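>>> everything below, folded, please.
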Amino acid sequence: MYTFMFMNLRVLFIVFILLVSCKQENKTKEVSSNLVKENVVVEKPDLEIYNFNEFEKFLHLQDDKTYVVNFWATWCAPCIKELPHFEEIKEAYKSENVEVLLVSLDFPKQYEKKLIPFIVKHKIQSKVVALDDPDSNAWIPKVSEAWSGALPATVIYNKDRRAFYERSFSYEELKTEVDKFL
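Predicted coordinates for the structure are as follows:
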């Protein structure tokens, strides 16, 4: 009984950390308007949804690419602010074997009403997947032992190197980190 209560408290604590670390700011509308790209058409995407066991393969690919995996949510203002930088990296490094993966931690009930319309409205070109696994206590440390669960969070890796960042990036900061892997 006490173990069950303790586990529920841990889950509530993680959710609280996620919500507090990404509280909405009044600037969200202004920031998100910067995401819209000119002359790009995005049709309604087929959103791939994974539990962590299915998703984990994306964190350990062993080929000649460098992977930039960003954990974000539409309700996280710092996440939304930095999304254009990941899109810029995708475009700037496409000939360098760099692949960007945006991992949405939006709530499943919001996929159709919020996440997919957001992807379309802002013409997101990077691959977006949804991670739907409520046992964050189990999977957060598998992403990185250093991760408290706060968003945004990013993993950059290739077959030789891996780094974890629990922070948001400017374009120059993100470019500097990606360059370390090339």
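>>> flag the shaky bits of the chain, pLDDT-wise.
Within the chain, the segments meeting pLDDT under 70 span 1-44.
>>> what about the strands in it?
48-50, 66-72, 98-104, 127-131, 153-157, 162-165 (DSSP state E).
>>> can you put those in JSON lines and add mean neighbour count and distance to K180?
To be clear about C-beta, it is placed using only N, CA and C from the backbone, and glycine gets the same treatment. Converted to JSON lines, those look like this (neighbours: other C-beta atoms under 10 Å; distance: least, C-beta to C-beta, whole Å):
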{"stretch": "strand 48-50", "mean neighbour count": "14", "distance to K180": "28"}
{"stretch": "strand 66-72", "mean neighbour count": "23", "distance to K180": "10"}
{"stretch": "strand 98-104", "mean neighbour count": "22", "distance to K180": "12"}
{"stretch": "strand 127-131", "mean neighbour count": "18", "distance to K180": "22"}
{"stretch": "strand 153-157", "mean neighbour count": "22", "distance to K180": "8"}
{"stretch": "strand 162-165", "mean neighbour count": "15", "distance to K180": "8"}
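>>> okay if I get those strands as JSON lines plus distance to P141?
Formatted as JSON lines, these follow (distance: least, C-beta to C-beta, whole Å):
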{"stretch": "strand 48-50", "distance to P141": "18"}
{"stretch": "strand 66-72", "distance to P141": "14"}
{"stretch": "strand 98-104", "distance to P141": "16"}
{"stretch": "strand 127-131", "distance to P141": "15"}
{"stretch": "strand 153-157", "distance to P141": "12"}
{"stretch": "strand 162-165", "distance to P141": "11"}
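>>> what about D64, how many neighbours?
Residues lying near D64 (other C-beta atoms under 10 Å) number 8.
>>> can you tell me the closest non-neighbouring residue to it?
N97 (5.7 Å; C-beta to C-beta, 6 or more residues apart in numbering).
>>> next: V68.
What sits nearest to V68 in space, not counting adjacent residues and going by C-beta to C-beta, 6+ apart, is V100, at 4.8 Å.
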